[in-house]
Structures are given as structure tokens and as C-alpha cells.
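Visitor: here's a sequence, model it:
(one chain, ligands or ions: 1)
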Amino acid sequence: MPKVLVSDKLSPTAVQVFKDNGVEVDYQPDLGKDKDKLLEVIGQYDGLAIRSATKVTEKVIAAATNLKVIGRAGIGVDNVDIPLATKKGIIVMNTPFGNSITTAEHAISMMLSLARQIPEADASTRAGKWEKNRFMGVEVTNKTLGIIGCGNIGTIVADRAQGLKMRVLAFDPFLTADRAVEIGVEKVELDDLLARADFITLHTPLTDQTRNVLSAEAIGKAKKGVRIINCARGGLVDEAALAEALKSGHVAGAALDVFLEEPATANPLFDLPNVICTPHLGASTSEAQENVAVQVAEQISAYLMTGE
Ligand code: MLT
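Guide: I've put the predicted structure just below:
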């Protein structure tokens, strides 16, 4: 019987899925944070199911003498050393669809929170200040949303934004002209998006091509008063350049769910008033976590039991 380790917090349904598929499973959700213990035990397992806390490093891969498959319950696999795993014949899989709606909804929530300064207004009201004149917002209706990365999540964001009566531009080299028409977005180059968007939201993985896609230069080309939302990956935006642009007022606000260093506990952006932050909550709904847990358990089981 193949044996799988679940080393991050996954919905208990995943454990049942493994059992139903004839796979032995050890559910140890805190192991991902205990690097030494993980190195000690990983050699016993044929499969590893993770979220983002477990870092599958060179050392882990070297110690994983029986490992055949790593399954990430989620989209980003940046916590796995994929080239090394692949070299060792270990398959790395993710669940690209299970949390897309949830992440798109978080981006839309962040955009509306920015437009109406909801977190600051909430704090001020609770503090007994009743600052009715301080919080003048902007409408999103008839505004232009620029989506950087219009794949699975970006497409859902586009759909929801159209429901809010926004014009949607998309910069994505992989988006075909036909697909852009089908989903009702205008396919543009990055500079065009920067020049025209009132809100910019990022939905691309972090790669060598996308790192700092919003660099100091790119932010400088953006429309004055733009609001930036990032629920994808921290390295996509140059944080120092963003901080400067927020201070100068060139960028009116930023809503950030992801940071260059995570967990982010002391980021300089935290001190700026026109910034909203959440702790990488993009995929955190009960529906999404159930979806990705079940999907990863099904996929790992299928691979271990049938090789498919
Ligand atoms: C993902 O890549 O699926 C998301 O960033 C969710 C997460 O890591 O928690």
C-alpha cells in the first residue's frame, strides 16, 4: 500500500479520499514548519501533500528516497524545487482550478475596499471618531481595470469586473485575440495598460519573466492616481518603488495580499496609510480549501495507484 504524508493543514476530507483510494495516509499538519523532523521522516513516504508552509528544498528531496509524487493543494509551486524533483523522477502536481474563484473574489474585495477605504473607515468608526468627511471614495463603474495575467484567475476577475460595469484591459502574452474577444476584454501591451488603467490587478505566476513586472519604471508609466491590487505573488511588484509612488501620491492606493518576504511581519509598506494588507488570504475560503484538498488527494492517489 503506498504511503502519503500530509505535512500542511489540509481539509480532513483529503484524508478520507486517500483512504477510500487505498492509500495509507499520515496527517501531520505541523510538520511543514518543522524542517528537521520532516527530513527525518520523509524517506518513508511515496507521496507528499502540501500547501505553502512545507518547503520542499534540496535537502528534503535528497532525504526523500522513496518519494514519487508531490502534490500542492493550490496553484503556486514556488515552495518546491521543481528542477531537482524532476531530476530525481518525482512528479510535481498542483490543483490549478480549485481556488481560482476564491482568489478572484479576494482581488475584487480588495479593489472595492481600496476604492472606499473600508479598513481605515472601519478602524476610525470603532475608535469613536465618526469621520464622515475624511473618507471620500471613488466609484468603480465606468473605470478601467488593467489585468496583468489573464489566465484562469484573471479571467474570473474580468468577468466579475464587467459585472461591476468596468472596462477591462488585459496584458498577457499567452492570451489569444479570439479568447480576449470571447471573455470581453481588450488585449493590450503593458505600456498601454499602464497608461490607461485606473486600477491594476496582478494574476500571473512569479517567474524570471514576471518578476518586478511592476518595476519603478513601469509604475512611473502608470496613470497618476492608479490603485494597485496584488493577490498573486509578492515579487511581481517592486515594493520599494511602490512605497515611493504611494508617498508621492502617484499611486493612490495599494491592496496587497502577498509580499516579497512571507510571513510578512515588518514590511515598510505597512506604515503607509493608503495601503490595505491581508496575510496571503487569496485562497482562504472553506469552499476553496475543500476543493484543493480533495483534488490533490484524488490526483496523488490516482498517480500512486495507477501511474496516471
Ligand atoms: C496558491 O498558489 O494556490 C495560493 O497562493 C494559495 C496559497 O498559497 O495559500
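
Visitor: I'd assumed residue 225 was in contact with residue 197.
Guide: No: judged on CB atoms under 8 Å, residue 197 makes no contact with residue 225 at a distance of 10.6 Å. The way it works is simple: take the backbone N, C-alpha and C, and place the C-beta from them, glycine included.

Visitor: higher neighbour count, the two?
Guide: Remark: of residue 197 and residue 225, residue 197 carries more neighbours, 25 against 12, as counted by other CB atoms under 10 Å.

Visitor: tell me the contacts of the most centrally placed residue in the chain?
Guide: Closest to where the C-alpha atoms of the chain average out (CA atoms, centre = their mean) is residue 232, at 3.6 Å. Contacts for residue 232 (CB atoms under 8 Å, 6 or more residues apart in numbering) come out as 149, 153, 202, 203, 204, 205, 206, 258, 282.

Visitor: what do you get for residue 305?
Guide: Applying CB under 8 Å, 6+ apart to residue 305 gives the contacts 2, 21, 22, 23.

Visitor: equivalent analysis for residue 282, please.
Guide: By CB under 8 Å, 6+ apart, residue 282 lies in contact with 99, 102, 103, 106, 107, 231, 232, 257, 258.

Visitor: tell me the secondary structure at it.
Guide: When classified by DSSP: H, G, I helix; E, B strand; the rest coil, residue 282 comes out as coil.

Visitor: what of the one 10 residues further on?
Guide: Counting by three-state DSSP, the backbone at residue 292 sits in helix.

Visitor: check residue 287 too.
Guide: Residue 287 - assigned by three-state DSSP - is helix.

Visitor: not counting sequence-adjacent ones, nearest residue to residue 80?
Guide: Nearest residue to residue 80, sequence neighbours excluded (CB to CB, 6 or more residues apart in numbering): residue 56, at 4.3 Å.

Visitor: would you confirm that residue 224 contacts residue 250?
Guide: Yes: Residue 224 lies in contact with residue 250 (CB under 8 Å); the separation is 5.6 Å.

Visitor: which one's more surrounded, these two?
Guide: residue 250 (16 against 10).

Visitor: OK, contacts around the more buried one?
Guide: Here residue 250 is in contact with 219, 220, 222, 224, 225, 226 (CB under 8 Å, 6+ apart).

Visitor: for it, grab phi and psi.
Guide: phi -60, psi -40 (degrees, to the nearest 10).

Visitor: that one and the ligand, how far apart?
Guide: Distance from residue 250 to the ligand, counting by CB to the nearest ligand atom, to the nearest Å: 28 Å.

Visitor: give me the number of residues near residue 222?
Guide: Residues near residue 222, counting by other CB under 10 Å, number 23.

Visitor: for residue 67, which non-adjacent residue is spatially closest?
Guide: residue 90 (5.3 Å).

Visitor: and that neighbour, its phi and psi?
Guide: Backbone torsions for residue 90, taken as degrees, to the nearest 10, come to phi -90, psi 130.

Visitor: what is the neighbour count of it?
Guide: Neighbour count for residue 90, taken as other CB under 10 Å: 20.

Visitor: go on, residue 162?
Guide: For residue 162, the neighbour count with other CB under 10 Å is 15.

Visitor: check whether it really touches residue 169, as I assumed.
Guide: No: look at residue 162 against residue 169 with CB under 8 Å: they stay out of range, at 12.0 Å.
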